[in-house]
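Asker: Provide a 3D model corresponding to the input given below.
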Amino acid sequence: MSRIKQCLRLFEQLSSIIEENGFSILKEYEQASTLVQGMSERIMYYQGLKDGFKLHQELWNSE
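Answerer: Numbers count the residues shown, from 1 in each chain. A predicted model of the protein is given here:
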């Protein structure tokens, strides 16, 4: 089963179990955690760029 299908299945199960006010809290949590995950990925991406650039400079200067 693909991850997307799994996510959709789990979302449908949760939405059928959780009451409306709990569901809105769940959506708010998901938005907040997705934002944090995106920020984390961006930080790791930029750190990888910095590390790659530094490594390139060190290899270039060592010759």
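Asker: Low-confidence regions, this protein specifically.
Answerer: 1, 63 (pLDDT under 70).
Asker: Quick one: list the elements packing against the helix ranked longest in the chain.
Answerer: The longest helix of the chain (DSSP state H) is helix 20-62. Applying 3 or more CB pairs under 8 Å, 6 or more residues apart in numbering; DSSP states H and E, we find helix 20-62 packed against helix 3-17. Glycine gets a C-beta too; all of them are placed from N, C-alpha and C.
Asker: and the helix it packs on with helix 20-62, angle?
Answerer: Relative orientation of helix 3-17 versus helix 20-62 (axes from the mean of the first three to the mean of the last three CA atoms, to 10 degrees): 150 degrees.
Asker: so what secondary structure elements neighbour helix 3-17?
Answerer: Counting by 3+ CB pairs under 8 Å, 6+ apart, helix 3-17 packs on helix 20-62.
Asker: From the chain's centroid, how far away is the helix it packs on?
Answerer: On the basis of CA atoms, centre = their mean, to the nearest Å, helix 20-62 sits 7 Å off its chain's mean C-alpha point.
Asker: in the protein, which residue is closest to the centre?
Answerer: The centre of the chain sits closest to residue 37, judged by CA atoms, centre = their mean, with a distance of 3.6 Å.
Asker: Who are the contact partners of that residue?
Answerer: Not one residue lies near residue 37 by CB atoms under 8 Å, 6 or more residues apart in numbering.
Asker: got it, and residue 12?
Answerer: Residue 12 makes no contacts at all, as judged by CB under 8 Å, 6+ apart.
Asker: measure residue 21 to residue 9 for me?
Answerer: Remark: distance between residue 21 and residue 9 (CB to CB, to the nearest Å) = 23 Å.
Asker: make that residue 43, sorry
Answerer: Taken as CB to CB, the span from residue 43 to residue 9 is 31 Å.
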